[in-house]
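*Asks:* Take a look and give me a structure for this.
(3 chains)
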Amino acid sequence: MSFDTALLKKLTEAFGPSGREGDVESIVTEHLKSLKLAPKKDQNGNVSVTLGKGGKKIMLAAHMDEVGVMVSYIDEKGFLKISPVGFIYPEQLLGNRVLFDNGKWGVFSFEKTMPKVKVDMDSVFVDVGAKDRARAEKDFPVGTFGVFHRELTELEGGRMLAKAFDDRIGVYILIKTIEALKDRELKNTLHFTFTVQEEFSGLGAQTSGYAFAPDMAIAVDVTDSDDTREKVHLNMVLDGGPAVKVMDSSLISHPALKNYFIGVATEKKIPFQLEVLPFGGTDAGTLSLLHKGVPAICISIPTRYIHTPSEIISKDDVNNSVRLLEEALIGKIGEII
Amino acid sequence: MKFALELSDEFGPSGQEERVAALIKKELSGASLSFVSDPLGSLIAEKIGRSKGPGIILSAHMDEVGFMISHIHEDGTLSFRIIGGIDKRVLPGKTVVIGDGRVKGVIMVPPVHLSKGDDPYEAEDLRMFIGAGCLEEASERVGVGDCAVFATKACRTGERLMGKAWDDRIGCFVLTEILKKNWDINITGIFTVQEEVGLRGIQTALHHVKGEFGFAVEGTTSYEIPAEPEVSPSTWLSKGPAITAMDRASIGSPSLKKLLEEVAKKGNIPFQYKKTATGGTETKFLQQNRTGMQAICLSVPVRYIHSPAGICSEDDVKNTVLLLEKTMRLLEAKLKKVYGG
Amino acid sequence: MEPLQDILKKTSVSGHEGELGSFIMESFKKCRLKTETSKCGNIIGVKKGSSDKRKVLIDAHYDQVGLIVKKIDGPFLRIKNIGGIDYRVLPGSEVRVYGKKVLRGIFAAKPPHLLRKGETDKAISSDDLLVDTGLDEKELKDNVSPGDIVAYNVEPFTSGKYTFGSGIDNRAGALVLLKLAEFLRDHEVRDTVVLRTTVMEETGGRGAAMEEDFDIAVVIDATFAKQQGTKDDCVFNPDDGITLSYGPNYSRRLTKEIEEIAKKHGIKTQREVEESVRGTNAFRYAVLSGGHEVIGISYPMYNMHAPCEAVKSSLVDNMADMLMHFIIESSDAGRHKTEGGTR
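*Replies:* Purely as a prediction, here's the structure:
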């Protein structure tokens, strides 16, 4: 399978914190239109496209948003105080550059001069170069969104480095799955949704899932890859194949779905690993609670340094995820529950 | 504004909002509304317009922070737990009103002559005293499980209003003002319960209503004291209603945010942005109801919420009503185009 | 207990006792006592006795603890205490500010939403305490100046057997004197009785330090009721009655006599030990001029010096009754102090 680096580069480098996913929405919509599909956008910005009809209603979700920051206060000297949008590590901010929704730049800094002190969000500020409060308020009013900005880079051994692989890699995988399935005969209704605000409140999955009312739901998202430290606590490693989620703090995957994915991967000889994450949550958790409950699972891509400006993934894991989804969706998934 | 003062004075800790609901219902009795109460106690007031489609939902919560009696001691004093978020350091020495019998009492504090140290008093060490000398006397007047609130009486001070429960009776007041006006579209006012204990009332109330746009109206944090210039004051008094770009649980609808800004600028109505993203509001549930609606939170700045008395500005209250109404008129025109009427 | 609530509505912060002072003055006059106001504000009502030999002084300070404006900082007031106040009771407390007009105010308290982690582990320091009147800076400066008095604002009320309000210490004592004045209006006595309500006790017993002509003194004040956070040996159960002070400062002879008189009339008393010297009026009187025999009587009270104190209403009546009986029945009545014998 060829790897569409150009598309992934466009996706990861796009500006899209929770609540301001417009640029990512455009990229996804344009791409789907170029495939002669007719994507729909709802009032919250969720983008969706449906393949096939009849059978079971299956929802696939990947979120377009990334973690970011919002300007919450401007002090007299023109420095910006910020609130996190989604979970970020304050100590990871220092020295990083931030790109705001007005196209302007700033840098994260810290109120103490780098002693060995624990960094908390209160002591982090953004320097945008403004000389005073008035100047800063003009361009960066309270409510201005910002994100880390980094370019996508290829690393050794088929691995890649970028910001926002969480969850643009999921978006990429869903797009590639759509490409693989769009001209195939399908037994079920596949509803692909690119959601908003997963990192913040789960708004996108909650509302789009309510509207579609699926019979089952599959999220595609990243998971922690715990293969860097000496003492390993988690099962997931880079290059180990897509991770079939068994549990995280928002979801216990439906056993029939879990067993089905394991069965497909084994039969088609696609490498895979099992994921038990003692923290975190995805759109799958949100979707599982809708209406009278929806059987749900998440296919995860092992990722290092999630929610930092430099996340790392493996191209093989990505391609294998597309293959696993493709095989699973044309198989007997409609008959398992 | 007299009704606002009455609202603040009414007894209504989370879980016991009936008196506030009754007061609001009485105030709105002439406004041609239909009323429904949901099983948790939220009051839903609906104005049916000529336009048939879904309209606008407004929410404000009736409950306030308070206390619940957890134990009556042999000496007639009462232990209590805190309902909602109250800094333990504001408790000692404050007067309270307890239970259905409106029994008055005070949170005891040892005499300064005998108390040692500078550590704050822990809430679990504090007791209420109601003038009862023993368990029997106390039990005749209050019971375990009775709720209590601060005994503050609301008043005007200069151009400002002082009262115990502006979070969120001031929002309730704004809603009553809007609901008294004439509308061509459906307007639903939800006066919710149990917001202070985890945004509970709004979740059930929304099952009973439908809308296309939503506004949560709140009394929000303000803390503009000079001692802490490093802390964001969140909002300023007398600088107009505060638009919330983001709170802990939701991001305000970008289109409604833009609309509010435009209406304010065009109508010369002062407005500000809330500068902190702490605290959750009912916006989250308005946005996530069923397939979701565009929703945002508009707030009246209040100094010292969740303490025995808060202060808000009368001008801010009036401007909140004005900005909300003008914005809703534009949405009304838009909805009439789509759904007729 | 209406009369006590009436008194508690008036302000008499140490050094600024005028509002309550003129009320006491009027009441003394109505009872046809010979009245006098000292330059610093002590108010005296005298009932002449038939024997003219012994003068009994009955004292209660009528000032209360309070606060004073230290500085105007933007739209806020910085304050300092007058008398002993635990700063930990102030955040969130309501006050009245006595500027050009009387303003309502509140001590600023940070909303929990904005608190930093661990912030509540420390008490708010007195430097960070601010009063907010809701007025803007200009209006505030037009109305308030440094040195203006600030009083707790608590509407007095009755709950159960108790009266609640601010400054019960020692305005309940002042009420005992008003009740005695009514008694003296209707009764003739052998000893000359001097009712003296004094100022500035809370700032060190200064009102009592001023010259006055008398033979023995009975001093009425508040003492501590047993409550959470106090040790048993220096606090009292209000249900056990009025406390009578025993210690080097007090006349054992006279205290035992009043104890007997109370017992005879079914008025409950208990003993309070004051082993060392304190700054209250009783200690001033013992050493004033040539020295005097002193009786100390107190009502146990909750939350002393906090915004809302509480006293068992019947204790005030009992105290007045006990003193009426003492005035009539004291065996020394009509004897001069030099004939008084040993302490």
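*Asks:* how about the residue in the stretch 151-300 of chain A that chain B sits nearest to, secondary structure?
*Replies:* The nearest approach of the stretch 151-300 of chain A to chain B comes at A:Thr207, 3.3 Å away (CB to the nearest CB). C-betas here are computed from N, CA, C, even on glycine. With DSSP: H, G, I helix; E, B strand; the rest coil as the basis, A:Thr207 sits in helix.
*Asks:* Find the nearest non-adjacent residue to it, please.
*Replies:* Nearest-residue entry for A:Thr207: B:Gly292, 3.3 Å, with adjacent residues in sequence omitted and distances by CB to CB, 6 or more residues apart in numbering or on different chains.
*Asks:* for the one you found, helix, strand, or coil?
*Replies:* Applying three-state DSSP: B:Gly292 is coil.
*Asks:* How about the contacts made by B:Ile57?
*Replies:* Neighbouring residues of B:Ile57 by CB atoms under 8 Å, 6 or more residues apart in numbering or on different chains: B:188, B:190, B:206, B:209, B:211, B:213-215, B:286, B:293, B:295.
*Asks:* From the residues you listed, which land in strands?
*Replies:* Among these, DSSP state E puts B:188, B:190, B:211, B:213-215, B:295 in strands.
*Asks:* Spell out which parts of chain A neighbour chain C.
*Replies:* Proximity of chain A to chain C, by CB under 8 Å from any CB of the partner chain, involves residues A:120, A:122.
*Asks:* helices and strands of chain A: which one has the lowest mean pLDDT?
*Replies:* One helix or strand of chain A scores below all others by mean pLDDT, DSSP states H and E: helix A:90-93, with a mean of 87.
*Asks:* residue contacts, the residue nearest in space to the middle of chain A?
*Replies:* The residue lying closest to the centre of chain A (CA atoms, centre = their mean) is A:Asp167, at 1.6 Å. Residues counted as contacts of A:Asp167 (CB under 8 Å, 6+ apart) are A:62-66, A:198, A:220-222.
*Asks:* Which ones among those map onto strands?
*Replies:* Those of the contacts of A:Asp167 lying in strands (DSSP E): A:62-63, A:220-222.
*Asks:* all helices in the stretch 201-337 of chain A, in order from the N-terminus.
*Replies:* Ranges of helices within the stretch 201-337 of chain A are A:203-212, A:255-267, A:283-288, A:315-330, based on DSSP state H, counting those that start in this stretch.
*Asks:* What backbone torsions are found at A:Gly95?
*Replies:* Main-chain dihedrals, A:Gly95, degrees, to the nearest 10: phi 80, psi -10.
*Asks:* cool, and B:Ser8?
*Replies:* According to degrees, to the nearest 10, B:Ser8 has phi -60, psi -40.
*Asks:* number of nearby residues for it?
*Replies:* Neighbour count of B:Ser8, defined by other CB atoms under 10 Å in any protein chain shown: 28.
*Asks:* Pretty sure it sits against B:Asp168.
*Replies:* No. The pair B:Ser8 and B:Asp168 does not pass the contact test of CB atoms under 8 Å, sitting 10.4 Å apart.
*Asks:* where does the chain dip in pLDDT?
*Replies:* Since you didn't name a chain, this refers to chain A. Along chain A, the model assigns pLDDT under 70 to residues A:1, A:112-117, A:231-232.
*Asks:* please go with chain C instead
*Replies:* Under the criterion pLDDT under 70, the flagged ranges of chain C are C:1, C:333-343.
*Asks:* can you tell me the residue of it closest to chain B?
*Replies:* C:Gly160 (2.8 Å).
*Asks:* Quick check: closest non-adjacent residue to that residue.
*Replies:* Per CB to CB, 6+ apart, closest to C:Gly160 is B:Gly131, 2.8 Å.
*Asks:* cool, C:Gly247 as well?
*Replies:* Leaving out its chain neighbours, C:Gly247 is closest to C:Glu274 (CB to CB, 6+ apart), at 3.8 Å.
*Asks:* Near that neighbour, how many other residues are there?
*Replies:* Considering only other CB under 10 Å, C:Glu274 is surrounded by 20 other residues.
*Asks:* same question, the one 10 residues further on
*Replies:* The number of residues packed near C:Arg284 is 25, by other CB under 10 Å.
*Asks:* shouldn't it be in contact with C:Gly205?
*Replies:* Yes. Between C:Arg284 and C:Gly205 there is a contact under CB under 8 Å: 4.6 Å.
*Asks:* pLDDT at B:Met1, what is it?
*Replies:* pLDDT, B:Met1: 89.
*Asks:* count of neighbours near the nearest residue to it once chain neighbours are set aside?
*Replies:* Nearest non-adjacent residue to B:Met1, counting by CB to CB, 6+ apart: B:Glu314, 6.1 Å away. Using other CB under 10 Å, B:Glu314 is surrounded by 15 other residues.
*Asks:* Likewise for B:Thr291?
*Replies:* 17.
*Asks:* Name the residues linked to C:Gln270 by a beta bridge.
*Replies:* C:Thr243 (DSSP bridges).
*Asks:* ok, it - contacts?
*Replies:* C:236-237, C:240-244.
*Asks:* about what we covered before: can you tell me the SS state at the residue nearest to the centre of chain A?
*Replies:* Assignment for A:Asp167 (three-state DSSP): helix.
*Asks:* what does the stretch 201-341 of chain B put close to chain A?
*Replies:* B:229-230, B:232, B:243, B:245-246, B:249-251, B:254, B:257, B:273-277, B:284, B:287-288, B:290-294.
*Asks:* Filter those down to the buried ones.
*Replies:* B:232, B:243, B:245-246, B:249-251, B:254, B:257, B:273-277, B:284, B:287-288, B:291-294 (16 or more other CB atoms under 10 Å in any protein chain shown).
*Asks:* Show me these that map onto strands.
*Replies:* Per DSSP E, the subset of those in strands is B:243, B:273, B:294.
*Asks:* Walking through the stretch 101-250 of chain C, point out its helices one by one.
*Replies:* With DSSP H, counting those that start in this stretch, the ranges of helices along the stretch 101-250 of chain C come out as C:137-143, C:168-186.
*Asks:* again, but for the stretch 1-150 of chain A
*Replies:* A:5-13, A:22-34, A:90-93, A:133-139.
*Asks:* Now render those as CSV, adding distance to chain B and mean neighbour count.
*Replies:* Conversion of the helices of the stretch 1-150 of chain A to CSV gives the following (distance: least, CB to the nearest CB, whole Å; neighbours: other CB atoms under 10 Å in any protein chain shown):
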stretch, distance to chain B, mean neighbour count
helix A:5-13, 21, 18
helix A:22-34, 9, 18
helix A:90-93, 15, 17
helix A:133-139, 10, 14
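*Asks:* Present the ones you listed as CSV; the columns should include distance to C:Leu315.
*Replies:* Shown next, in CSV, are the helices of the stretch 1-150 of chain A (distance: least, CB to CB, whole Å):
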stretch, distance to C:Leu315
helix A:5-13, 78
helix A:22-34, 73
helix A:90-93, 59
helix A:133-139, 60
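*Asks:* now for these, which one comes closest to B:Gly198?
*Replies:* helix A:90-93 (26.5 Å; CB to CB).
*Asks:* quick one: that closest one to chain centroid distance?
*Replies:* 20 Å (CA atoms, centre = their mean, to the nearest Å).
*Asks:* In three-state terms, how would the residue nearest to C:Asp148 when sequence neighbours are not counted be classified?
*Replies:* Leaving aside its sequence neighbours, C:Asp148 sits nearest to C:Val69 (CB to CB, 6+ apart; 4.6 Å). State at C:Val69, reduced to three classes by three-state DSSP: strand.
*Asks:* Tell me who's in contact with C:Val69.
*Replies:* C:77-79, C:97, C:144-150.
*Asks:* Tell me the bridge partners for it.
*Replies:* C:Ile79.
*Asks:* Can you give me the separation between A:Phe272 and A:Thr266?
*Replies:* 8 Å (CB to CB, to the nearest Å).
*Asks:* Likewise for C:Val69?
*Replies:* From C:Val69 to A:Thr266 the distance is 80 Å (CB to CB).
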